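K.L.:
would you be able to build a 3D model of this:
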Amino acid sequence: MSDVAAAAGVARATVYRYFPNREALLEAVGRLALEDAGERLRAARLDEVDVSVGLERAVRALVGVGDSFVVLARDRARADTPGIDDRIGTPVRHLLARGQELGEIRGDVPAAWLTEALFGLVVNVMGAAPALGAEDTIAAVSSVFLDGARVKGRPG
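P.N.:
Just a heads-up that it's a prediction; the model follows:
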């Protein structure tokens, strides 16, 4: 809470006036991130573009939410957080399922599993050092997710 107060340029007591504890602050950050991520994914029109373009747009939307997305993604395990699956899980899962139907995404694992793997990759890359710029992060996550970590053209 002290770090939040310092970053906001206010006294710690001011932060506590609005958020009685760390959990309340994280819940508020998560709600804002959910609204932001949901709006960004909706605006990305994932169902109107090629799957690879849609995946890059989805990653861009999530990375664009920033560190708040990390808070939100870690909060997904809580059953009492309404709207997470509808706003962020479903659009990405539908994109990946469409890719599976078209033969562009591997079909030997469920789209739900791939969705969680993508979210985990985004969260971990955003928190990794050294930090990359937004576009480099988007390109790296999209490439690793779609192509894996193996160098192209090298035997397995």
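K.L.:
any regions of the protein where pLDDT drops low?
P.N.:
Of all residues in the chain, those with pLDDT under 70 make up the ranges 75-81, 152-156.
K.L.:
ok, and what's touching the helix or strand containing Gly99?
P.N.:
In this assignment (DSSP states H and E), Gly99 forms part of helix 90-101. Residues outside helix 90-101 that contact it (Cβ atoms under 8 Å, 6 or more residues apart in numbering) are 41-42, 46-47, 51, 54-55, 58, 105-107, 111-112, 114-115, 118-119. C-beta coordinates here come from the backbone N, C-alpha and C atoms, glycine included.
K.L.:
check contacts around the residue nearest the centre of the chain.
P.N.:
What sits nearest the mean C-alpha location of the chain, by Cα atoms, centre = their mean, is Leu62, with 3.9 Å. When contacts are counted by Cβ under 8 Å, 6+ apart, Leu62 touches 37, 40-41, 69, 88, 119, 122.
K.L.:
let's have these in a markdown table, adding neighbour count, distance to Leu95 and secondary structure.
P.N.:
Below are those laid out as a markdown table (neighbours: other Cβ atoms under 10 Å; distance: Cβ to Cβ, whole Å; DSSP: H, G, I helix; E, B strand; the rest coil):
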| residue | neighbour count | distance to Leu95 | secondary structure |
| --- | --- | --- | --- |
| Ala37 | 23 | 14 | helix |
| Arg40 | 19 | 14 | helix |
| Leu41 | 24 | 9 | helix |
| Phe69 | 25 | 17 | helix |
| Ile88 | 26 | 12 | helix |
| Phe119 | 19 | 13 | helix |
| Val122 | 24 | 14 | helix |
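K.L.:
between the residues you listed, which sits nearest Ala140?
P.N.:
Val122 (10.3 Å; Cβ to Cβ).
K.L.:
next one: that closest one from Glu101, what distance?
P.N.:
23 Å (Cβ to Cβ, to the nearest Å).
K.L.:
coming back round to it: quick one: buried ones out of the contacts of helix 90-101?
P.N.:
41, 46, 51, 54-55, 58, 105, 111, 114-115, 118-119 (16 or more other Cβ atoms under 10 Å).
K.L.:
mind checking which of those residues are in strands?
P.N.:
In strands, defined here by DSSP state E, there are no members of those.
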